[in-house]
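Undergrad: give me a model of this one.
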Amino acid sequence: MGNRQQSETSRGELILAAQGGDSVAIGRLLASCQNDIRRYARRHCAASDIDDAVQETLLVITRKVASLRAAAAFTGWLFTVIRRECQRLARAMLSQGAEPLDVAEQRICTLPDETLRLDVAAALESLPAHYLEVILLRDFEELTIAEIAGRLHEPAGAIKSRLHRARALVREYLSHEAATP
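TA: Prediction:
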């Protein structure tokens with residue numbers, strides 16, 4: 001068994017143990033996914049919110065990992081939690097009426113990109129779970145097709161097909177959004 005596959009197996013075992021209430025497993029699970037959470041938060045949160053988003057996401061995982069229905073859905077669920085946390089923090093910042101300078105500069109310089117980012121997030125949210133999982137693993141975690149196939153225990157051809165269909169659904173969603181006034 002390769003190191004990557006072995007680590008995926010151990011992460012799956014950690015998730016199952018954490019769901020069972022094993023506090024050591026919860027701690028190890030949080031440590032193993034903290035870098036992924038931080039990387040995602042850096043891409044989707046304001047610079048001043050990254051640490052808060054990471055901490056809140058770790059708390060949500062600790063409190064709600066037991067309610068996760070399938071260990072295989074952990075990665076998709078994790079990215080959903082961090083995305084929602086980034087959105088919550090952005091809304092809180094806007095409701096206070098003040099934006100930090102770096103966020104204000106980003107809005108001025110990249111307004112079309114921000115709009116596109118929100119549209120892409122909505123498109124991803126509209127995907128069925130099995131498509132969302134593959135697109136998150138490939139485009140956000142930057143895993144190869146072979147790594148995704150190993151993680152999901154499916155043939156690489158099936159993963160390629162699912163990824164192609166997921167991207168087509170995202171394009172379809174975005175083209176429909178662009179056509180809607």
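
Undergrad: wait, residue 58 sits on residue 34?
TA: Yes: between residue 58 and residue 34 there is a contact under CB atoms under 8 Å: 6.9 Å. C-betas here are computed from N, CA, C, even on glycine.

Undergrad: looking at those two, which one has more neighbours?
TA: More crowded of residue 58 and residue 34, by other CB atoms under 10 Å: residue 58, with 19 against 14.

Undergrad: just the C-alpha atoms of the strand or helix carrying the more buried one, please, in CSV.
TA: Using DSSP states H and E, residue 58 falls within helix 50-64. Taking Å, rounded to 0.1, in the frame of the first residue of the first chain, the C-alpha atoms of helix 50-64 are listed here in CSV:
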residue,chain,number,x,y,z
ILE,A,50,-8.3,33.6,8.2
ASP,A,51,-7.4,32.7,11.7
ASP,A,52,-11.0,33.1,13.0
ALA,A,53,-12.3,31.0,10.1
VAL,A,54,-9.8,28.2,10.8
GLN,A,55,-10.7,28.2,14.6
GLU,A,56,-14.4,28.2,14.0
THR,A,57,-14.2,25.5,11.5
LEU,A,58,-12.1,23.3,13.9
LEU,A,59,-14.8,23.9,16.5
VAL,A,60,-17.6,22.9,14.1
ILE,A,61,-15.7,19.8,13.2
THR,A,62,-15.2,18.9,16.9
ARG,A,63,-18.9,19.4,17.7
LYS,A,64,-20.5,17.9,14.6
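
Undergrad: what helices or strands is it leaning on?
TA: If you count contacts as 3 or more CB pairs under 8 Å, 6 or more residues apart in numbering; DSSP states H and E, helix 50-64 packs onto helix 23-44, helix 74-95.
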